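[1] following is a predicted model, sequence given first.
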Amino acid sequence: MKLKLFALLLALVSSFAVTQNPAVSPSPPPPAAQPAQAQNWPVLRVAVDATYKPFTYKTPAGQLTGFDVHIAQALCNEMRRRCVFVEQVWDGMIPGLLARKYDVIISSMSITDERRRVVDFTDKYYSTPSGIVVRTGTPFTGPASLRGMRIGVLKGSTQERFAMSQLRPAGAIIVPYDAQNQVYLDIQAGRLDGTVADRVEVTAGFLNRPEGRAFGFVGPELRDRRYFGDGMGIALRKGRDELRTELNNAIRAIRANGTYDRIARLYFDFDIYGD
Amino acid sequence: MNWDVLLLPETLALYAEGLVTTLWLLAGSLFFGGALSLLLALALTSRVAALRWLAGAYTYCIRGTPLLIQIFLIYYGIAQLEWIQARWDAVWPWTMFKDAFFCALLALALNNAAYTAEMLAGAMRETAPGELEAAQAMGMSRWQIQRRIVLPSALRRTLPAYGNEVVMMLHSTSLASTVPALIDLTAAASRIYADFFLPFEAFLFAAAIYLCITFMLVGVFKALEWRFLGHLRPRSH
Amino acid sequence: MDGHVLSVLSGAQLTLTVSLASLGVAIALGLLGAAAKLSQRRPLVALAGAYTTLVRGVPELILLLLVYYGGTIGLIMLLERLGLEAEVNIDPFMAGVLTLGFIYGAFMTETFRGAMLAIPKGQTEAAWAFGMSPARTFFRITLPQMVRYALPGFTNNWLVLIKATALVSLIGLHDVTFHAMQAGAATREPFYFLLLAAAVFLAYTTVSLWALRALSRRYALGSTQVSL
């Protein structure tokens, strides 16, 4: 009896899998290739959170790709190191670094004073502002316009700090999530009225997709140094100054020799480095 | 080890909020799950084959899949269905699915119902045949037999296993921390850990609270067993 | 097949690996714990008692988070106290296997203890009378008979263990639940992928039930069983 029931359930579930339409998306650029001699180079363990299109995400085939991943690979080639990527939930990024699970974090991490207390950062490798995203047409004159609205944010992100400090006192309900794409699931479901997110990430991951059509930015570009820091850098444990110098030199090198621009053009049609 | 962080009023307030949510989840899931399990147990031991099959399929699916997946299915999975999305702004009871607490409670209650139903059905099947025959000889209807003979003794027989299940249910409420916007005890500990980078202090404190509640529950069930299963106690004279 | 479905199925393999590895640890701890509880030496009995009480009193998720987030830091602090400089790292797989093994070791302790107590004492006494050493008595006399009594509890613990492995997705291990949630969030269709993950677990539990029922029928040969 149990076997028949189970077979029926399996057939039912497989029929779902077959009939669903895979979302049609433009083919992403392939990840950078590793030179053959990389096998002998020392390893650099790089943490990424693969739920943050277009910076770190997975192709439908399950391969890691994205701007951060490409840049990391380019930096490793420059430093003659072998990049080994470790996937980590965003909330556990810094704790994992401190617990020595990996050597660096190259995952769109903002350089903030608060984080500087526990980790070191290299120079920035790009800089984008954040923005508030709600349904288009919502009248917005300031944080008070969001009173009573449910705003989803990523746990442990600079946007969460901003939302808790600026939007929550004005009456918005801030809900932290473990992954940014779960925020988009709940916006689509109607449980959330909006989000505060990186402008580039939310454009690629939500606004340009069918479910994000009715949503848009309100308010100014968010660049407040107190919450969003000074651009995105590579995080490493305190005291590892030689590694930091190596990484900074590598960043300067790839910006000088055109590798950086080549990678940036694969993803963006504007200057991602910022000023 | 930095234990002072735990004594900050905001920290204690967060843990208190978590504790209250956990206890409500526990009470709610036991209440609704218990009610549902009674109906399911009757269905599992009924003479109607279709009822037996349906109840059996339900307990098979719930007991064969992890609670975590059940919680995700009810919170994220159901939200995806357009049928629900069209109705849950205005039509009760679908409006409740928007609420995180309701989703967690539903998942826990359904899970509890399945396990308790199987326990109860097993105890019902173990009723002494002689008692059943005597009841039938006295002319009791099927429902009267259930109400007066089978269920009272079955409920007593389930008591030790049910006590275990209640403790398991307390542990299961910690999975409610995976639902966003729900602050139960585990979620409170995670939040303190993330804010202060103190894994030991945050989680050990929560573990201590869970341990206290468990001891209380075990004590309650020992008292219940003393009262209702007293006839099985070793005699002192 | 869609890449996402493939990733969920690849996670299914990892789930099985974690389950089997945890089972190994659980059986080892279970045998040790049962031996400790039956040894009649006060400190051992107390230690085993504290072990089972701790596991019964604290939710698995809390223990898992404690071991994963605190374990590496704790180990490093411990090693530094002892004066050793080592690069230790508790990755999610190890954290998951150790925690689950530790937890279900306590359940196995109770199961094995009950099973050992169910064997008639005369068997052990006869073995000693023959001059068998404790080790030989255990492997020749106690263990084979213990299997029959332990199987129902063992089956139960194994089934609960498989389902508990879904928790490792919460510490970032790419098991079937993790892949299902990621694929679901990326395609905005969590329902299908979660059902697929649930089907995988149903498959595992069904096959396990068959196998363990067949095993218990094999071990029950020669004993009289009551039928209603």
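    Noted; the coordinates are in hand. Numbers count the residues shown, from 1 in each chain, chains lettered A, B, ... in the order given.

[2] is the helix-or-strand element of chain B with minimal mean pLDDT up against chain C anywhere?
    Within chain B, no helix or strand scores below helix B:82-87, which has a mean of 79 by mean pLDDT, DSSP states H and E. No: applying CB under 8 Å from any CB of the partner chain, one finds helix B:82-87 out of contact with chain C, separated by at least 10.2 Å. To be clear about C-beta, it is placed using only N, CA and C from the backbone, and glycine gets the same treatment.

[3] buried set for that helix?
    B:84-85 (16 or more other CB atoms under 10 Å in any protein chain shown).

[4] by contact count, what packs against the following helix or strand past that helix?
    Downstream of helix B:82-87, the first helix or strand assigned by DSSP states H and E is helix B:100-125. Here helix B:100-125 touches helix B:9-44, helix B:49-64, helix B:67-72, helix B:151-173, going by 3 or more CB pairs under 8 Å, 6 or more residues apart in numbering or on different chains; DSSP states H and E.

[5] identify each buried residue in helix B:100-125, please.
    Buried residues in helix B:100-125, counted by 16+ other CB under 10 Å: B:100-124.

[6] just stretch A:163-179 next, same as before
    Of the residues in stretch A:163-179, those buried (16+ other CB under 10 Å) are A:163, A:166-167, A:172-179.

[7] contacts for that stretch?
    Stretch A:163-179 has contacts (CB atoms under 8 Å, 6 or more residues apart in numbering or on different chains) with A:49, A:51, A:89-91, A:132, A:142-144, A:146-155, A:160, A:183, A:186, A:192, A:196, A:227, B:178, B:180-181, C:182, C:185.

[8] one more: stretch C:147-159?
    Around stretch C:147-159, the neighbours that count as contacts under CB under 8 Å, 6+ apart are B:63-64, C:23, C:26, C:104, C:107-108, C:110-112, C:114-115, C:118-119, C:205, C:208-209, C:212-213, C:215-216, C:219-220, C:223.

[9] among those residues, the buried ones, what's the PyMOL command?
    Selection of buried members from these for PyMOL, criterion 16+ other CB under 10 Å:
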select buried, (chain B and resi 63+64) or (chain C and resi 23+26+104+107+108+110+111+112+115+119+205+208+209+212+216+219)
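
[10] near chain A, list only the ones from the contacts of stretch C:147-159.
    Among the contacts of stretch C:147-159, the residues lying close to chain A (CB under 8 Å from any CB) are C:Leu209.

[11] in the stretch 51-200 of chain A, which ranges drop under the pLDDT threshold?
    When residues are selected by pLDDT under 70, none of them lie in the stretch 51-200 of chain A.

[12] picking up where we left off before, which of the contacts of stretch A:163-179 are buried? Put it as a ChimeraX command.
    Of these, the buried ones go into a single ChimeraX selection, burial set by 16+ other CB under 10 Å:
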select /A:49,51,89,90,91,132,143,146,149,150,151,152,153,154,155,160,183,186,192,196,227 /B:178,180,181 /C:182,185
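
[13] so which of the contacts of stretch A:163-179 belong to helices?
    If you go by DSSP state H, those have A:160, A:183, A:186, A:227, C:182, C:185 in helices.

[14] contacting residues for whatever residue of chain A ends up closest to chain B?
    Nearest to chain B in chain A, going by CB to the nearest CB, is A:Ala189, at a distance of 3.6 Å. By CB under 8 Å, 6+ apart, A:Ala189 lies in contact with B:76, B:79-80, B:85.

[15] kindly report the same for C:Ala185.
    By CB under 8 Å, 6+ apart, the neighbours of C:Ala185 are A:51, A:179, A:181-182, A:184-185, B:76.

[16] I'm done for today, thanks for sticking with me.
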